[in-house]
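3D model of this:
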Amino acid sequence: MLSMKPKLSLCIESLPPETLMKIFSYLDAASLLSVGCVNKHFYQLASDNGIWLKIYSRCFQPERTIWKMNSEQTETVSVGCVALHNRKPGYWKKEYIFKQIAAVKTRVMRFLKPVDPYTGLPSKNKEAMKASGLSWIIVLKDKNGKEHVMEKAKLSFKDTSVTVLWYSTNWPCLDILSTLKLFGVTPLLPDQSRAPVKNGPRRCSLIAEYHLANLIESSVAIGADKLVQLFSLNPGLLVGLWKEKNEIAFVMASLHYHQLLERSTLGSATVQYAPPPNKPVLDDIDPEYGLHDYSLHFDMHGGSCTYLCVTFRSLFCGKGDIANGYLKLTALSVKDNAKHSPLTGTLGLSWETDVFKGNVKDCYVMNVTLLEETGKPFWCFSAPVYLELSSKSSSLYDCAGPIYTTDYADSEGKVCVEFLWLEETKESFIVSLVLYISVKKVNNWYGTNY
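Okay, the predicted model is just below:
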């Protein structure tokens, strides 16, 4: 019988450290960080100061020399030799990462400086997000603890918000899901010259967490078409379910620009970003301090179409109008016929998947940006909402038609909108827009005691 020699199995981990170090020296920074996640041995080798100093020098530091003087001679010592002495392992890796992050922050801050006078928000939010490499993912967790990551998304940028739509043919079964987490994701080392690597090193910042157990019973159904039914979860999340199968068709998030970069980058994988508290500027002269000179930027869109975009200034609330814990700010009144604004097109919310597209009538995304008297954002949100037929009829003497309403509420305030539908011209007009701001929020912001 012939004796069979056992086959030698070669594994990269069995290579000598010197050989591995030689291989690693040809890798770029992102690849080195990925290799360091394989195991402890690779982490130590991939953190070598010699390799990272070369990467750091190529990117940030030109070649130069340091002159040392002693009593006998003057000699030239390379920066690399000096820099490697008395440095802890991984020192130059950390230095490179910190400096890259600082460079990205500088680029982003340049885009955030110009402010739109109407919205009070940075006018180049889209460019800032692109410079940071920012994207958004959702992680669905089932009742067994398994996580399903959804990354394929379509973005739609508007004046004050971005809509993120995730669609897939591989959604997990709705019945087994417990939570959905929304994350902002940025590459650890953004490279402006190429697209971000999907599996490269990156940072995740938790934006919001939603409970999906008993979704149909616990959420608000805002509309449906022939294929899907829409369910809304605060803040700003929309889940589309197939009507026949009662399974997920798509998920849509409406994200307002106010502090979106901070929320998407400065949190951790488990803790949301907490903005610093506002420091009240006390005023003992104005008897109605905090009740006047508000500005409202209000827009409505359906994903692909913008129906209304308007700004209201000098909004105020008299002390006598404070009731039930709210300040009443009337931006548009039924009596002000001249200010009633027509909508562009018929209200509806667009959606799509890999195969189907649709539009759910009488649904839209409401964006509210309320600025206080100094122009700072005071109350901001972006949320999917819906129209509801009102029981009351139009009180306008020259117009007759059904009235539709939209009501929104969160912990900081409420919004009530009325629309008039004119059958003859097939047009919708917004005839009333009233905001109710929490007195608690006003007192915390201004240091008042209403």
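
Please make it C-alpha for all contacts and neighbour counts, starting now.
Will do.

my guess is residue 92 is in a helix, correct?
Yes. If the criterion is DSSP: H, G, I helix; E, B strand; the rest coil, then residue 92 is within a helix.

Can you give me the neighbour number for it?
Residue 92 has 24 neighbours, counted by other CA atoms under 10 Å.

pretty sure it is touching residue 56, no?
Yes. Using CA atoms under 8 Å, residue 92 makes contact with residue 56 at a distance of 7.2 Å.

Give the closest residue to residue 226 in space, chain neighbours not counted.
Using CA to CA, 6 or more residues apart in numbering and skipping the chain neighbours, the partner closest in space to residue 226 is residue 243 (7.8 Å).

In contact with the one you found, which residues?
By CA atoms under 8 Å, 6 or more residues apart in numbering, the contact set of residue 243 is 226, 227, 228, 229.

from those residues, which would you call buried?
By neighbour count, with 16 or more other CA atoms under 10 Å, the contacts of residue 243 hold 227, 228, 229 as buried.

Let me see the contact set for the last one.
Residue 229 makes contact with 221, 223, 240, 241, 242, 243 under the criterion CA under 8 Å, 6+ apart.

before we move on, what about the first one?
With contact taken as CA under 8 Å, 6+ apart, residue 227 is in contact with 242, 243, 244.

try it again with 10 Å
240, 241, 242, 243, 244, 249, 356, 357, 358, 359, 360 (CA atoms under 10 Å, 6 or more residues apart in numbering).

which of those residues tops the neighbour count?
Neighbour max across the contacts of residue 227 (other CA under 10 Å) = residue 249, 26 neighbours.

so how many other residues sit close to residue 30?
Using other CA under 10 Å, residue 30 has 18 other residues around it.

about what we covered before: any idea which of the contacts of residue 227 the model trusts least?
Ranked by pLDDT, the contacts of residue 227 bottom out at residue 244, which scores 82.

Go ahead and list the helix or strand containing that residue.
Using DSSP states H and E, residue 244 sits in no helix or strand.

For the stretch 251-400 of the chain, give me the ranges with low pLDDT.
Residues of the stretch 251-400 of the chain that meet the criterion pLDDT under 70 lie in 392-400.

quick one: contacts for the residue nearest to residue 293 when sequence neighbours are not counted?
Nearest residue to residue 293, sequence neighbours excluded (CA to CA, 6+ apart): residue 314, at 4.4 Å. Contacts for residue 314 were tallied using CA under 10 Å, 6+ apart; they are 292, 293, 294, 295, 296, 329, 331, 372, 373.

for the closest residue to residue 321 other than its chain neighbours, phi and psi?
Distances taken as CA to CA, 6+ apart place residue 328 nearest to residue 321, at 6.3 Å, with adjacent residues excluded. With angles defined as degrees, to the nearest 10, residue 328 sits at phi -100, psi 120.

Could I get the full set of helices for the stretch 251-400 of the chain?
Assigned by DSSP state H, counting those that start in this stretch, the helices in the stretch 251-400 of the chain fall at 260-265.

again, but for the stretch 1-150 of the chain
Secondary structure of the stretch 1-150 of the chain, counting by DSSP H, counting those that start in this stretch: helices at 17-24, 29-35, 40-46, 49-59, 79-84, 91-112, 125-132.

can you put these in TSV and add mean pLDDT and distance to residue 203?
Listed next are the helices of the stretch 1-150 of the chain as TSV, based on pLDDT from 0 to 100; distance: least, CA to CA, whole Å:
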stretch	mean pLDDT	distance to residue 203
helix 17-24	86	23
helix 29-35	86	13
helix 40-46	87	18
helix 49-59	86	20
helix 79-84	56	29
helix 91-112	88	11
helix 125-132	90	11
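
ok, and the closest non-adjacent residue to residue 113?
Residue nearest to residue 113 in three dimensions, not counting chain neighbours: residue 122, with 6.5 Å by CA to CA, 6+ apart.

Tell me how many other residues surround the one you found.
Neighbours of residue 122 under the rule other CA under 10 Å: 19.

Need the pLDDT of it.
We note a pLDDT of 91 for residue 122 in this prediction.

Assess the claim that it and residue 128 are in contact.
Yes. At 9.2 Å, residue 122 counts as touching residue 128 under the criterion of CA atoms under 10 Å.

Can you work out which residues contact both of those two?
111, 112.

Beta-bridge partners for the closest residue to residue 235 other than its chain neighbours, please?
Leaving aside its sequence neighbours, residue 235 sits nearest to residue 383 (CA to CA, 6+ apart; 7.0 Å). Note on residue 383: beta-bridge partners by DSSP bridges are residue 366.

ok so, going back, common neighbours of residue 92 and residue 56, please.
49, 50.

circling back: nearest to residue 367, of the buried ones among the contacts of residue 243?
Set against residue 367, the nearest of the buried ones among the contacts of residue 243 by CA to CA is residue 229 (22.0 Å).
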